[in-house]
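[1] Sequence unavailable; structure follows:
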């Protein structure tokens, strides 16, 4: 005789199915919220893939794919036209006493992006005879039009740094930009504060060289795809990373100002830098955009689809979200005057000079 298992009363039909469904729903929601909080970057990328897929389905169902074909054709024509825009001819003559132009024949446009991991020592070997120890370089065949400081907010992305340098350094040399590279490293396990790191990087970089014309804030996992995306100070404030591969090469939203952007030194001082209060992932770039627009600055973007970037997805240690960013963003304008460069407090950082960059390291804590 087969004995049937007797379910507990709370799982008896039909109420038992309702309880099981409710438990399953709660577990699913918890998993999703946990993923979004601890992996916000990946969650964001998945959301954009879903939206792109949804748009494609709607387009083919209701419009027969015509809208997407027109968009792809427009992108293709723009890219093709961009590659044929006349740059300086190969026989163009200029002297050591002329200011470097912003276009050179070496700037071919689309570049090959190689995401293969490479040790930093190998990149050092390839460029240390060209780059001054500490990460500075300037052209010798003309006078650099701009002196640019690159600030890279950093924590535990050691595999990404050599990949970025492998692509960025040849590009800057082709563009004849005088530059210095600073890696602003947050030590410890406390919540990451990208904006505070950039404020500190600005202050410390100006102590080393007060003649910087502008600053470029460059995420370590953003790799440029086009060497005609000029990193000089022309047209700042500027959003360099307009189109990212994980976002389908579309502008994330109209007011987006993250990833790779730049401002002049005076503009950064005028807007009081970044807010120091964004502990965790997200929000600080939106707050910075609000400050910029509040002061009447218009943000420019690279022409001809030059602002395309690829994101490094391997070894992508994701920082936790800043859950209070939306409420703080509501008061960006009011906080502008009391939160930023004028309220900056931090312990003395450790500064070390490496072959390709200057490292500025320190610990940051939300409680000061």
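    Looks like it came in fine. Being a predicted model, the structure only gives us computed values, none of them experimental.
[2] Need the contact partners of stretch 339-347.
    196, 199-200, 202-203, 268-269, 271-277, 291, 362-364, 368 (Cβ atoms under 8 Å, 6 or more residues apart in numbering). Yep, even glycine has a C-beta here, placed from its N, CA and C like the rest.
[3] And the helices in the stretch 101-250 of the chain?
    Taking DSSP state H, counting those that start in this stretch to define them, one finds helices in the stretch 101-250 of the chain at 120-127, 160-174, 194-208.
[4] right, and those - which one's nearest residue 153?
    helix 194-208 (4.4 Å; Cβ to Cβ).
[5] Show me which residues of that closest one are buried.
    By neighbour count with 16 or more other Cβ atoms under 10 Å, helix 194-208 contains the buried residues 194-202, 204-206, 208.
[6] Using a markdown table, lay out the residues you listed together with pLDDT and distance to residue 229.
    Formatted as a markdown table, these follow (pLDDT from 0 to 100; distance: Cβ to Cβ, whole Å):
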| residue | pLDDT | distance to residue 229 |
| --- | --- | --- |
| 194 | 96 | 22 |
| 195 | 96 | 24 |
| 196 | 97 | 27 |
| 197 | 98 | 24 |
| 198 | 98 | 20 |
| 199 | 98 | 25 |
| 200 | 98 | 27 |
| 201 | 98 | 22 |
| 202 | 98 | 22 |
| 204 | 98 | 27 |
| 205 | 98 | 22 |
| 206 | 98 | 25 |
| 208 | 97 | 26 |
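[7] Relative to residue 24, which of these is nearest.
    residue 194 (36.9 Å).
[8] How about that closest one: what's its closest non-neighbour residue?
    residue 153 (4.6 Å; Cβ to Cβ, 6 or more residues apart in numbering).
[9] quick revisit: out of the contacts of stretch 339-347, which are inside strands?
    Applying DSSP state E to those, the entries found in strands are 362, 363.
[10] Mark which of the contacts of stretch 339-347 are buried, thanks.
    Buried subset of the contacts of stretch 339-347 (neighbour count, 16+ other Cβ under 10 Å): 196, 199-200, 202, 268, 271-277, 291, 362, 364.
[11] now the strands for this structure?
    Under DSSP E, the chain gives strands at 136-137, 147-154, 178-187, 214-218, 222-224, 238-239, 243-244, 260-264, 308-311, 350-353, 358-363.
[12] would you turn these into a markdown table with mean pLDDT and distance to residue 164?
    Converted to a markdown table, these look like this (pLDDT from 0 to 100; distance: least, Cβ to Cβ, whole Å):
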| stretch | mean pLDDT | distance to residue 164 |
| --- | --- | --- |
| strand 136-137 | 98 | 15 |
| strand 147-154 | 98 | 8 |
| strand 178-187 | 98 | 10 |
| strand 214-218 | 98 | 8 |
| strand 222-224 | 98 | 6 |
| strand 238-239 | 98 | 18 |
| strand 243-244 | 94 | 14 |
| strand 260-264 | 98 | 10 |
| strand 308-311 | 96 | 11 |
| strand 350-353 | 98 | 18 |
| strand 358-363 | 98 | 14 |
